[in-house]
Each structure stands twice: as structure tokens, then as C-alpha cells.
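S.K.: I need the structure of the sequence given here:
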Amino acid sequence: MIEQDTIKLLRECDAGIQMGVSAIDQVLDHAQSESLRRSLTDSKAEHDRLKEELQTALERFGDEGKNPNPMAKTMSTVKTNMEMMMKPTDATIADLITDGCNMGVKSLSKYLNQYAAADESAKDVCKKLIAMEEQLAKDLRGYL
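M.R.: So this is what the prediction gives:
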């Protein structure tokens, strides 16, 4: 049970990181403010570092991770493209990314509870990702 929950939790974190990086990539070139661009770039780098830690953990279990749900990713992309076409501002970027962060925190918190038997290192990775998402949402409040 511990190993199964650990792998499942790590997989969900993997999918979450991929969604976060993808969302940042979609809006980064549209950022007008240098400080917003820096916040997004720094967050993407943090996600990439955590992804490496996550991959190492998954490799210990012989697992390749998990891609985000294709439907969720497609819907996110469509929404982002529509919003950016209608109103290509830093406020729109902050709104989109904040919504993504909030959904990520909600989902990851659910998985943290659902896979309660996961080992502490997997829970720590999940908690780091939750903290990163909460921090990014907080950092973007000034652009809303």
C-alpha cells in the first residue's frame, strides 16, 4: 500500500508540474512587465528543479510518471488562448496563472489526503509543489 500510494502521489505531482510549466510557457511571451516575466521565469525554474527531484523519486520505483489529462490540458490551452486574444494584459496573465495555481493546490491537497499511505519523501515533494503554487499566486496578486 505504501509503495502504491507513493507512486500515485508522485505521478499526480508530475502531471501537476507539467501543467504548471505548460501554462507559464503559454503566457510568458505576452508578459509586458519585466517583474512579471521574472516571477514567471523564476517559478518555471523552480518547477523544473522539483521535476528533477520528482523524476529521481519515480525512477526508484521504476515508474516514468504521468502526463496531464489531455482534455484538461486542451481546455486550459483553449481558455488561455481565448483570454489572451481578447485582453492581452499582465492582469489577464495573472488571473489565468492564479486560477491554475488555485486548481493545482486544490488537486494536490486532495491527492495528498487520498494517498495518505505514501512515504514521507513523496509527501514532501507534494507539499513543496503546493507551497510553490501558493507562493506564485501570492506573487501575482499585484498584477490582478
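S.K.: where's G142 relative to A94, distance?
M.R.: From G142 across to A94, the span is 8 Å (C-beta to C-beta, to the nearest Å). The C-beta positions use only the backbone N, C-alpha and C, and glycine is treated the same way.
S.K.: overlap in contacts of those two?
M.R.: Shared contacts of G142 and A94, defined by C-beta atoms under 8 Å, 6 or more residues apart in numbering, are absent.
S.K.: more neighbours, the two?
M.R.: Ranked by neighbour count (other C-beta atoms under 10 Å), G142 and A94 place A94 first, with 24 against 12.
S.K.: in the chain, which residue is most central in space?
M.R.: G20 (3.2 Å; C-alpha atoms, centre = their mean).
S.K.: and the helix or strand bottoming out on mean pLDDT in the chain, what does it pack onto?
M.R.: One helix or strand of the chain scores below all others by mean pLDDT, DSSP states H and E: helix 70-86, with a mean of 91. With contacts taken as 3 or more C-beta pairs under 8 Å, 6 or more residues apart in numbering; DSSP states H and E, helix 70-86 sits against helix 2-28, helix 90-114.
S.K.: between it and helix 2-28, how big is the angle?
M.R.: Angle, helix 70-86 to helix 2-28, by axes from the mean of the first three to the mean of the last three C-alpha atoms, to 10 degrees: 20 degrees.
S.K.: what's the angle between helix 70-86 and helix 90-114?
M.R.: 160 degrees.
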